[in-house]
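S.K.: The following comprises the amino acid sequence and a computationally predicted model.
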Amino acid sequence: MVWPLIQRPKHEPPAVQTAPAAARKLDLAVRPRRNRKADWARRLVRENNLSVDDLIWPVFLCEGENTREPVGSMPGVERFSIDEAVRAATEAAALGIPALALFPFTDPGLRNEEASEALNPANLVCRACRAIKREVPDIGLITDVALDPYTSHGHDGILHGERILNDETVFVLVQQALNQARAGADIIAPSDMMDGRVGAIRAGLDSENFEDVQILAYAAKYASAFYGPFRDAVGTNATLIGDKRTYQMDPANSDEALREVALDIEEGADIVMVKPGLPYLDIVFRVKDTFVMPVFAYQVSGEYAMILAAAERGFIDGDKAMLESLIAFKRAGADAILTYFAPRIAKKLKGMG
C-alpha cells in the first residue's frame, strides 16, 4: 500500500502566539520575590541567624604532651593532649566561641566495671579543666557526666549481668559531677539517661555550695546509629557490650521526649538538650515550643562525618551544607548547638575563611 503524502498548509500559524508585553503582566499585588531580590533585602527579612554565640565546640582529650591524634572516622577532628586543649581553648576564646564540651579518651588500663577513674580528682577531664581555667578563665567548660568512657564494658552505668543498675549508677554520677565541679567545670552535662539523675546531681552540687554550677541535661537522648564516630573518638566502640536501648530513647518516640524533658526540668535542669540533631529537629521544635526554656542540640559525630564524606567526594558543597545544617537547628528552635564544625564556622562567620 502506498501512503499519500500529507501536504502542510503554506501559511501555518506559529505554535505560540506572542502577546504585547503589557498584556503578559500578571495582576499581582503580592510578590514574595521582592523581598528576595538582593542580598541586603534578604538580610533585612531573615527570620533566623547563626552567630558565633550559638556554637559549642566538643573537644576530645588524650594523654601526652604536644599531642594531636587524628580521629579516623571524623576527618579534621583530633584528640588533644591537655596543653593542646589549652591552645584550642585560647583559639576558641579569640573566635568568640562561648564554651567547650570536654570528652576524654581514657587509657584502657584505667577502665573497669565500677568506672572508678571517673571519680579520680586527677583524671584527664579534671586536669584539663584546671589547666584551661588557669589560662582561659572566661571560656565556659561543659563536662560530660556518664560512665561509658571509664567502664570496661562501654556502658553509661553500672552493669550487673546484662542489666544497667539505675539507682547505683546515679550514686556514682553524683560523685562524678562533684569531682568535675571541684575541678572548675561551669556546666555539668549528664548524658547517661538514668532516671532521677538530674535531681540527685542538683542536690549533690548544692550540698557542696556549687549552686551556680549549671546542669545541661541530655533530656532526650536517643539510641541512635549516628554515634559511631564519637565512640571511636572516646574509645568505647571496642569495649561496648550489647547496645544502650534499655536507657537511651526509642527513635520512634516523640511524646516520650516531652515527658523526659518535663522530668528533668522539674528536677532542676537549667538547660535541656536533644541528641542527635538533624534527624530529630521535630523533637527540638516540640521541646522549645512546649517548655520555652533554653534548648541545646548536638550535631553528632555521624552527622558531621556524613557531611564531610559527601563533601570530600564532591557530592555536595561542604561549606554550604555545613552552614545550612546549622541554620536548620536555629530554625527548629535550638538556642545553641554542639558541633565539631564550631571553629571552622566561627572563622567563616567572622570572614576569616
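M.R.: Nice, I can see it. Numbers count the residues shown, from 1 in each chain.
S.K.: just for this protein, where's the confidence low?
M.R.: For the chain, applying pLDDT under 70 flags the ranges 1-23.
S.K.: Just the strands from it, written as ranges.
M.R.: Along the chain, counting by DSSP state E, strands occupy 55-61, 68-70, 78-80, 99-104, 140-145, 158-160, 163-165, 187-190, 214-221, 271-275, 295-298, 336-338.
S.K.: Just the buried positions in the first one, please.
M.R.: So the one you mean is strand 55-61. Residues of strand 55-61 classed as buried: L55, I56, W57, P58, V59, F60, L61 (neighbour count, 16 or more other C-beta atoms under 10 Å). All C-beta atoms are positioned from the backbone trio N, CA, C, and that covers glycine.
S.K.: got it, and the fourth one?
M.R.: When burial is assessed from 16+ other C-beta under 10 Å, strand 99-104 yields the following buried residues: A99, L100, A101, L102, F103, P104.
S.K.: Next up, the contacts around the spatially most central residue of the chain.
M.R.: In the chain, the residue lying closest to the centroid (C-alpha atoms, centre = their mean) is Y298, at 1.6 Å. By C-beta atoms under 8 Å, 6 or more residues apart in numbering, the residues touching Y298 are P58, M273, V274, K275, P276, G277, I337, L338, T339.
S.K.: of all those residues, which comes closest to G184?
M.R.: Among those, P58 lies closest to G184 (C-beta to C-beta), at 18.0 Å.
S.K.: Show the contacting residues for the closest one.
M.R.: Neighbouring residues of P58 by C-beta under 8 Å, 6+ apart: L100, A101, F103, Y298, L338, T339, Y340, A342.
S.K.: and if we set it to 10 Å?
M.R.: Residues in contact with P58 (C-beta atoms under 10 Å, 6 or more residues apart in numbering) are 77, 100-103, 142, 144, 230, 233, 298-301, 304, 338-340, 342.
S.K.: got it, and I56?
M.R.: 92, 97-101, 140, 142, 187, 216, 296, 298-299, 336-339, 342.
S.K.: So which residues of this structure form helices?
M.R.: For the chain, the helices defined by DSSP state H cover 21-24, 39-44, 82-95, 124-135, 166-182, 197-207, 228-234, 255-267, 281-291, 301-312, 318-332, 342-349.
S.K.: for those, which one sits closest to P149?
M.R.: P149 lies closest, by C-beta to C-beta, to one member of the helices of the chain: helix 228-234, at 5.0 Å.
S.K.: Please save the CA atoms from that closest one in CSV.
M.R.: The C-alpha trace of helix 228-234 is given here as CSV (Å, rounded to 0.1, in the frame of the first residue of the first chain):
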residue,chain,number,x,y,z
GLY,A,228,29.6,5.6,65.8
PRO,A,229,32.5,8.0,65.1
PHE,A,230,32.1,9.5,68.6
ARG,A,231,32.6,6.1,70.2
ASP,A,232,35.7,5.7,68.0
ALA,A,233,37.0,9.1,69.4
VAL,A,234,36.5,8.2,73.1
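S.K.: Test my guess that F171 contacts I158.
M.R.: Yes: contact criterion C-beta atoms under 10 Å: F171 and I158 qualify, at 8.8 Å.
S.K.: neighbours around the closest residue to L326 other than its chain neighbours, how many?
M.R.: Closest residue to L326 in three dimensions, ignoring its sequence neighbours and counting by C-beta to C-beta, 6 or more residues apart in numbering: L50, at 5.3 Å. L50 is flanked by 19 other residues according to other C-beta atoms under 10 Å.
S.K.: same check, this time on I241
M.R.: Neighbours of I241 under the rule other C-beta under 10 Å: 11.
S.K.: The residue nearest to D270 when sequence neighbours are not counted - how many residues pack around it?
M.R.: Nearest residue to D270 in three dimensions, chain neighbours excluded: Q214, at 4.3 Å (C-beta to C-beta, 6+ apart). Using other C-beta under 10 Å, Q214 has 18 neighbouring residues.
S.K.: Next, the contact list for Q214, please.
M.R.: By C-beta under 10 Å, 6+ apart, the contact set of Q214 is 140, 142, 185-189, 205, 268-271, 294.
S.K.: ok, now with 7 Å
M.R.: Contacts of Q214 were listed using C-beta atoms under 7 Å, 6 or more residues apart in numbering, and they are D186, I187, D270, I271.
S.K.: could you dump the buried residues of strand 99-104 to CSV with distance to K347?
M.R.: Compiled in CSV, the buried residues of strand 99-104 are given as follows (distance: C-beta to C-beta, whole Å):
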residue, distance to K347
A99, 17
L100, 16
A101, 19
L102, 21
F103, 22
P104, 26
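S.K.: Quickly name whichever of those residues is closest to T67.
M.R.: Of all the buried residues of strand 99-104, T67 sits closest to P104, with 13.5 Å by C-beta to C-beta.
S.K.: ok, that closest one to A89 distance?
M.R.: 15 Å (C-beta to C-beta, to the nearest Å).
S.K.: and what of T106?
M.R.: 20 Å.
S.K.: ok, these two, which is more surrounded?
M.R.: For T106 versus A89, the count of surrounding residues by other C-beta under 10 Å is larger for A89: 26 against 23.
S.K.: Start and end of stretch 246-259, how far apart?
M.R.: Start-to-end span of stretch 246-259 (C-alpha to C-alpha, to the nearest Å) is 17 Å.
S.K.: Touching that stretch from outside, list them.
M.R.: 156-157, 164, 193-194, 220-224, 282-283, 286-287, 290.
S.K.: what's the distance between that stretch and the middle of its chain?
M.R.: The chain centroid and the centroid of stretch 246-259 are separated by 18 Å under C-alpha atoms, centre = their mean, to the nearest Å.
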